[in-house]
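Colleague: Sequence and predicted model, in that order:
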Amino acid sequence: MGVLVRSYQPSDHDAIVALWRSVFPDAPRRNDPVRDIARKLAVQPELFLVALDAGRVAGTVMAGFDGHRGWVHLVAVDPRLRRRGVGSALMREAESRLATRGCPKLNLQVRGENAGVVPFYESLGYRVEERISMGKVLPPGETT
């Protein structure tokens, strides 16, 4: 398999928007792909990774490191290319880039309706941890 994982490039934009809308059809409105891409490009854009298969966008992952913990978001693989190593390649590259920054621990969250992906993450060494996940939607900030 010839999967290449690299940082996001502007030419990836439309294919990623289409991929996310396909893979995450029930995402909350606040997770608009166009805005999510723009926000990530403003913060650690080198941790926005894209997998290419035969030159086409096959998957994505957004990673981040706040100096204490790393996080992984928006792991998405084209449904036609699943079980071919695309997701594993994306996760390995995200882990590698976070490790070079000194990241001691990586976290990810799985939505309840997507629990079927838990075995995939377990195969990569992740474990379900006893936690209570909390969140708060903030009002949109003013943009200039």
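Modeller: Sure thing, it's come through.

Colleague: Pairing partners for the longest strand seen in the chain, with directions?
Modeller: Counting residues, the longest strand found in the chain (DSSP state E) is strand 56-65. As defined by DSSP bridges, the strand partners of strand 56-65 come to strand 48-53 (antiparallel), strand 70-77 (antiparallel).

Colleague: Please name whichever of the ones you listed is nearest to Phe24.
Modeller: Among the strands paired with strand 56-65, strand 70-77 comes nearest to Phe24, with 6.9 Å by CB to CB. Just so you know, the C-beta spots here come from the backbone N, C-alpha and C atoms, and that holds for glycine as well.

Colleague: Give me the number of neighbouring residues for Ser123.
Modeller: Neighbourhood size, Ser123 [other CB atoms under 10 Å]: 10.

Colleague: Show me how far the longest strand of the chain is from its chain's centre.
Modeller: Put simply, strand 56-65 sits 5 Å off its chain's centre (CA atoms, centre = their mean, to the nearest Å).

Colleague: Mind putting the strands paired with strand 56-65 into TSV with distance to Pro28 and mean pLDDT?
Modeller: Below are these laid out as TSV (distance: least, CB to CB, whole Å; pLDDT from 0 to 100):
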stretch	distance to Pro28	mean pLDDT
strand 48-53	20	97
strand 70-77	13	96
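
Colleague: Can you add distance to Asp12 and mean neighbour count and give these back as TSV?
Modeller: Listed next are those as TSV, based on distance: least, CB to CB, whole Å; neighbours: other CB atoms under 10 Å:
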stretch	distance to Asp12	mean neighbour count
strand 48-53	5	22
strand 70-77	12	22
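
Colleague: Need the ones you listed in JSON lines (columns: distance to Phe120).
Modeller: JSON lines is the format used below for those (distance: least, CB to CB, whole Å):
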{"stretch": "strand 48-53", "distance to Phe120": "15"}
{"stretch": "strand 70-77", "distance to Phe120": "9"}
